[in-house]
Every structure is written in structure tokens, then in C-alpha cells.
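> Quick one, structure for this:
(one chain, ligands or ions: 1)
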Amino acid sequence: MARGSQRPFAIFLVLFAFAMPHPAPPEPETDRSPPETWRPEAFEAPDYYALDELLSEEVKDLRDEVRAFVTNEVEPIIEEHAQEASFPHQLIPAFAEHGLLGPTLPAEYGGGGHSSIAYGLMMQELERGDSGLRSFCSVTGSLVMYPIWRYGTEAQKERWLPALARAEAIGCFGLTEPNVGSNPSDMETRARREGDTWVLDGHKRWSTNASMADVALIWAKDEDDVVRGFLVETDREGVSTPTIDETWSLRAAVTSEVVLDGVQVPDSARLPHAEGLKGPLSCLTQARYGICWGTIGAAMACYDTARQHAQNREQFGQPIGGFQLMQERLVDMVQEITKAQLLNWRLGTLKETGTMRPQQVSLAKRNNCQTALEIARSARQMLGGNGVTSMYPVMRHMNNLESVVTYEGTHEVHTLIVGEDVTGLNAFT
Ligand code: FAD
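Numbering: from 1, shown residues only. Reported below is the predicted structural model:
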């Protein structure tokens with residue numbers, strides 16, 4: 001047969017072969033065996049300058065309680081939640097049980113009545129587990145409970161504080177908007193008074209917890225351009241809270257928008273003692289303080305993972321921890337963690353005596369977020385290829401810290417706050 005006449009037959013055979021149902025090859029099993037070079041339960045907290053000696057037994061007990069909670073209940077499940085982008089709702093009652101919701105608020109309203117240093121250490125330990133879980137607790141304690149306690153009426157305190165502390169209600173904080181982030185004085189959300197009712201219109205973005213919240217603290221400008229805070233139940237008509245799904249960071253947390261379309265709230269929902277931007281800014285100071293400590297928890301997790309790995313992983317016939325270049329990375333990490341711990345400890349003592357200035361918080365937030373992010377990136381490299389998997393916690397922490405360095409004032413915003421403090425010159429505009 002001539003060659004040309006064979007071609008249509010060959011094409012037919014190929015097409016036929018493609019059309020035939022092929023049995024799917026068996027799916028190879030994903031190897032989920034624990035890594036050989038790191039054991040979460042072998043965590044050793046870096047304390048190079050023996051800061052433990054400065055802590056009371058009571059404070060150490062509180063810290064150790066949260067540390068054990070993270071090791072036993074958070075670490076075994078958190079990677080899977082982050083991979084699936086799902087919030088671990090089952091942990092919420094435990095946050096209340098371990099006093100992580102409003103630790104410094106007075107006991108009469110359900111708070112823990114703990115010192116600022118105890119609170120900081122609790123946030124440090126929680127963020128060793130995951131920045132998203134610390135975000136949940138920071139928002140509840142610093143951005144919802146604190147303003148109710150500081151600026152609210154007795155009725156508002158009694159209604160919300162014990163319920164938030166017991167995790168019977170969840171709160172969120174709406175300051176940022178689609179067009180307004182670093183400069184909240186430009187906020188577009190409006191509150192119009194009609195007799196005893198306020199009508200809220202606007203759009204908040206990046207609100208942690210919002211789509212699972214019962215109450216949103218919404219900051220809005222009134223008709224005289226004065227910023228006011230309103231406690232808005234999220235089941236009110238006109239409120240919607242679409243989740244922001246498309247993130248590579250804080251995947252085990254919930255971040256949402258809050259859309260307010262002619263939402264009516266009674267005047268009793270307004271925080272009467274908050275007037276002007278200093279209301280929301282004072283809340284941010286509280287939350288930033290917690291972040292200063294929390295980020296060092298994430299850094300400790302990354303450092304200790306890299307340390308264990310370096311001792312156990314062998315290349316060129318010896319543990320990689322024996323190579324000078326690997327040691328330099330670990331020493332840089334422990335050096336920066338130690339400096340940040342000292343910064344936090346001093347900041348805590350200033351807060352305790354009521355002399356802490358917001359600019360001092362800015363310096364620590366700026367330093368500690370940057371430090372933690374650099375440690376996470378360095379630890380990720382020390383883990384080699386496996387460092388990009390969820391077998392180790394490092395890449396999750398690294399991605400989380402990309403949000404933490406941005407929220408509650410970006411690195412640049414804190415630079416400008418401290419820059420103005422040291423020069424007396426405003427470089428914001
Ligand atoms: P922009 O303000 O648009 O800034 C963009 C860039 O410009 C940044 O690098 C910034 O540093 C820089 N920039 C801005 N102004 C200046 C200047 N004058 N000089 C130099 N550089 C400047 N907000 C809430 O209200 N509630 C929440 O619960 C909350 N949770 C969050 C959770 C996550 C995961 C994230 C990512 C954000 C959250 N935020 C929340 C919002 C967060 O606080 C803002 O993202 C942050 O303040 C920055 O605002 P922006 O994203 O609009 O950035």
C-alpha cells in the first residue's frame with residue numbers, strides 16, 4: 001500500500017485511542033509521616049539573657065499554660081486548617097478557658113485582670129502557634145473589649161464584655177476601608193443622626209473575624225466630621241460581611257468586608273466617650289502592644305524549628321548545624337529574638353506604670369515584625385526544599401507575618417511616627 005493511504009488510518013487509531021476510556025492510574029499516597037528533623041514537642045524557648053528570672057511564678061504559670069495549649073491543641077491541627085483556609089472554630093472555647101480574651105480587663109467584666117507582661121507573654125505563646133489565632137484574640141481583647149470598657153456605657157459593658165470574654169459573642173473592628181488604610185482620617189463611612197437613631201452607610205474592608213462576628217465596632221464620621229464608634233449587631237438589616245477568600249496569608253483566620261447600607265442603630269449603640277480619631281487610635285496602641293510580643297512567638301517557632309533541623313539534618317557527612325554559614329543564621333536569629341524580648345519586657349514595664357507612649361509601641365511593632373519576618377525567611381532557607389511544605393510550620397509563619405507587618409500600621413507608617421517623634425517634623429504628607 002502506498003504510504004499516503006496509510007495516514008488516515010493511523011490518525012483514526014490515534015483518535016480512537018484518545019477516545020477510549022483509560023482507567024485512572026492509582027493516586028500515589030502523599031507522605032504525611034512526621035519530619036525526622038523536627039519535633040514540635042521538643043520546642044525549647046530561647047531565653048539567652050535569662051529573662052525568666054524577671055518573671056513572677058504566677059506570670060510564668062500563665063505563659064506555660066498557653067504554651068502547653070499551643071503544643072497540645074493548636075500545633076497538631078493548624079497546618080491542615082491553613083492548607084484548607086479554614087478557621088479552627090473548635091479552639092474558640094479554649095481561648096476563653098485559657099483567659100486569652102481580654103486578659104488585662106478587670107475580672108468584674110470577665111477579663112483576667114492580668115499584668116501587661118503576662119498579657120504579652122500569652123500573646124507570644126499563642127502566636128507561636130499561629131498569627132491568625134493571635135489576631136482573633138487581639139481583635140477581641142484590644143479592638144472590641146478595650147474600647148467598650150474605656151469608652152462605653154455601663155449597659156454596653158454589661159451586655160458585651162462578659163459575653164466576649166466567654167466567647168459567647170465574637171467581635172470585629174471596622175476602621176479600614178477600600179479607599180482608606182494608612183490614613184483613617186479620610187474615612188468615608190458616614191453616620192447620620194435621625195432623632196434617637198443613627199443611620200450608617202459605608203464599606204469597611206479587611207475586618208478580622210467579621211463574617212463570624214456578632215458585633216462590629218464601626219468607626220464612622222458624623223455630620224460634623226467627628227469620628228464616632230458604634231456597636232453594630234451584624235444581624236441588623238443592611239449589614240453584610242462577605243469574606244475575603246483570596247489570600248496567601250493568615251489562612252487559618254477569617255478576614256472580611258463589612259458593608260453598611262442604611263443600617264439603623266439606636267443612640268445607645270454609640271460609644272459615648274469616644275470622640276475623634278483618638279478613639280480608634282488608642283485601640284490600635286493596645287493591639288500593637290500585643291503584636292510586639294506575638295510576633296516574637298512566631299519568630300521563636302521558626303528559630304527552634306531551624307535549630308532542631310540543623311542539628312539533625314546531615315549533608316556532606318555531618319549535621320548542617322556544624323557549618324559556619326548555618327550557625328551564623330541561627331546566631332543572628334537568637335541575637336534578634338533576644339533584643340526583641342528585652343524591648344518587649346521594657347515596653348511592658350512602661351505600660352504597667354502607665355508611662356508607655358504610643359511612639360514607643362510603634363518602634364517595637366516596627367522592629368519586632370521586621371525581625372520575625374526576617375527570621376522566618378532565614379529559617380525557611382535553612383530547611384531546604386522541605387521548608388516550602390506544611391511538614392514544617394515555617395512557611396505558614398512567614399506568610400502570616402507578611403500580613404502582620406502590614407496591619408495595625410505598616411512598617412512605613414511606624415517609621416514616620418517615630419521619625420516625627422525624634423525630629424518634630426511630620427513626614428506623612
Ligand atoms: P495603604 O494605606 O494603601 O498603603 C500602601 C503602601 O503605601 C504601604 O506600603 C504603606 O506603608 C505606604 N504608605 C502609605 N502612606 C504612606 C506615607 N505617608 N509615606 C510612605 N508610605 C506610605 N483593618 C481594620 O480596620 N480592622 C481589622 O480587623 C483589620 N484586619 C486586617 C487583617 C489583615 C490580614 C490585613 C492584611 C489587614 C487588616 N486590616 C484591618 C487593615 C490594615 O490595618 C491595613 O491594611 C493597613 O493599615 C494598611 O492600609 P492599606 O492596606 O489600605 O494600605
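> Only C-alpha atoms from now on, for both contacts and neighbour counts.
Noted.
> residues from the protein in reach of the ligand?
173-176, 180-182, 206-208, 255, 403, 406-410, 412-413, 428-429 (C-alpha under 6 Å from any ligand atom).
> Take the residues you listed and keep only those in helices.
Residues of these located in helices (DSSP state H): S403, E412, V413.
> Next, count neighbours for the first one.
Pointing back at S403 there. The number of residues packed near S403 is 18, by other C-alpha atoms under 10 Å.
> and if you look at E154?
10.
> How about L325?
Applying other C-alpha under 10 Å, we find 11 residues neighbouring L325.
> Are we agreed that it is in a helix?
Yes: checked against DSSP: H, G, I helix; E, B strand; the rest coil, L325 lies within a helix.
> circling back: just the buried ones out of the residues of the chain next to the ligand, please.
173-176, 181-182, 206-208, 255, 403, 407-410, 413 (16 or more other C-alpha atoms under 10 Å).
> Who are the packing partners of the strand or helix carrying Y119?
Using DSSP states H and E, Y119 falls within helix 116-129. In terms of contacts (3 or more C-alpha pairs under 8 Å, 6 or more residues apart in numbering; DSSP states H and E), helix 116-129 is packed against helix 57-69, helix 131-138, helix 278-312, helix 324-352.
> again, only using 6 Å
Helices and strands touching helix 116-129, by 3 or more C-alpha pairs under 6 Å, 6 or more residues apart in numbering; DSSP states H and E, are helix 57-69, helix 278-312, helix 324-352.
> For the nearest residue to T349 once chain neighbours are set aside, grab the count of nearby residues.
Distances taken as C-alpha to C-alpha, 6 or more residues apart in numbering place I117 nearest to T349, at 7.2 Å, with adjacent residues excluded. Neighbourhood size, I117 [other C-alpha under 10 Å]: 23.
> For the helix or strand containing G202, name the packing helices and strands.
According to DSSP H and E, G202 maps onto strand 197-208. Where contact means 3+ C-alpha pairs under 6 Å, 6+ apart, strand 197-208 is packed against strand 190-194, strand 255-266.
> winner for burial among those?
Most buried of the helices and strands packed on strand 197-208 by mean neighbour count (mean count of other C-alpha atoms under 10 Å) is strand 255-266; its value is a mean of 21.
> Report the rounded mean pLDDT for it.
Regarding strand 255-266, the rounded mean pLDDT is 98.
> quick revisit: can you list the helices and strands packed on helix 116-129 in JSON lines and add mean pLDDT?
Shown next, in JSON lines, are those (pLDDT from 0 to 100):
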{"stretch": "helix 57-69", "mean pLDDT": "98"}
{"stretch": "helix 278-312", "mean pLDDT": "98"}
{"stretch": "helix 324-352", "mean pLDDT": "98"}
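> Kindly reformat these as CSV and extend each row with distance to Q381.
Below are the helices and strands packed on helix 116-129 laid out as CSV (distance: least, C-alpha to C-alpha, whole Å):
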stretch, distance to Q381
helix 57-69, 26
helix 278-312, 9
helix 324-352, 10
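> most tightly surrounded among those?
Most buried among those, counting by mean count of other C-alpha under 10 Å: helix 278-312, with a mean of 25.
> Can you show me the helices along the stretch 1-150 of the chain?
With helices called from DSSP state H, counting those that start in this stretch, the stretch 1-150 of the chain shows them at 3-19, 57-69, 75-84, 92-97, 116-129, 131-138, 146-151.
> show me the residues around the closest residue to the ligand within the stretch 251-400 of the chain that make contact.
In the stretch 251-400 of the chain, the residue that lies nearest the ligand is T255 (6.0 Å; C-alpha to the nearest ligand atom). Applying C-alpha atoms under 6 Å, 6 or more residues apart in numbering to T255 gives the contacts W206, S207, T208, N209, T243, I244.
> Pull the most distant pair out of those residues.
Greatest spatial distance among these (C-alpha to C-alpha): N209 and I244, at 10.8 Å.
> Of those two, which one has the most company?
Taking neighbours as other C-alpha under 10 Å, N209 and I244 compare with N209 leading, 28 against 15.
> Retrieve the pLDDT associated with that one.
98.
> Setting aside sequence neighbours, what's the nearest residue to it?
Nearest one to N209, counting by C-alpha to C-alpha, 6+ apart, is V254 at 5.1 Å.
> The one you found: neighbour count?
By other C-alpha under 10 Å, neighbour count at V254 equals 24.
> And for T389?
As a burial measure, T389 scores 14 neighbours (other C-alpha under 10 Å).
> Could you look up the SS state of the residue nearest to it when sequence neighbours are not counted?
Among residues not flanking T389 along the chain, M395 sits closest, at 7.3 Å (C-alpha to C-alpha, 6+ apart). Secondary structure for M395, judged by three-state DSSP, is helix.
> Ok, V232 next?
For V232, the assignment made with three-state DSSP gives strand.
> State the distance from it to P184.
19 Å (C-alpha to C-alpha, to the nearest Å).
> Now do the same contact list for the nearest residue to A310 once chain neighbours are set aside.
The spatial neighbour of A310 that comes closest, neighbours along the chain excluded (C-alpha to C-alpha, 6+ apart), is G321 at 4.2 Å. With contact taken as C-alpha under 6 Å, 6+ apart, G321 is in contact with A310, Q311, Q327.
> mind checking how far the second one is from T241?
For Q311, the distance to T241 (C-alpha to C-alpha) stands at 47 Å.
> before we move on, what about the last one?
Going from Q327 to T241 by C-alpha to C-alpha gives 47 Å.
> next one: the first one
When C-alpha to C-alpha is applied, the distance between A310 and T241 equals 45 Å.
> Now render the contacts of G321 as a markdown table, adding distance to R192.
A markdown table is the format used below for those (distance: C-alpha to C-alpha, whole Å):
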| residue | distance to R192 |
| --- | --- |
| A310 | 60 |
| Q311 | 63 |
| Q327 | 61 |
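> one step back: the more surrounded of V232 and P184?
V232 (23 against 17).
> Identify the residues contacting the more buried one.
Going by C-alpha under 6 Å, 6+ apart, the list of residues near V232 reads V215, A216.
> Need the phi and psi values for A165.
phi -60, psi -30 (degrees, to the nearest 10).
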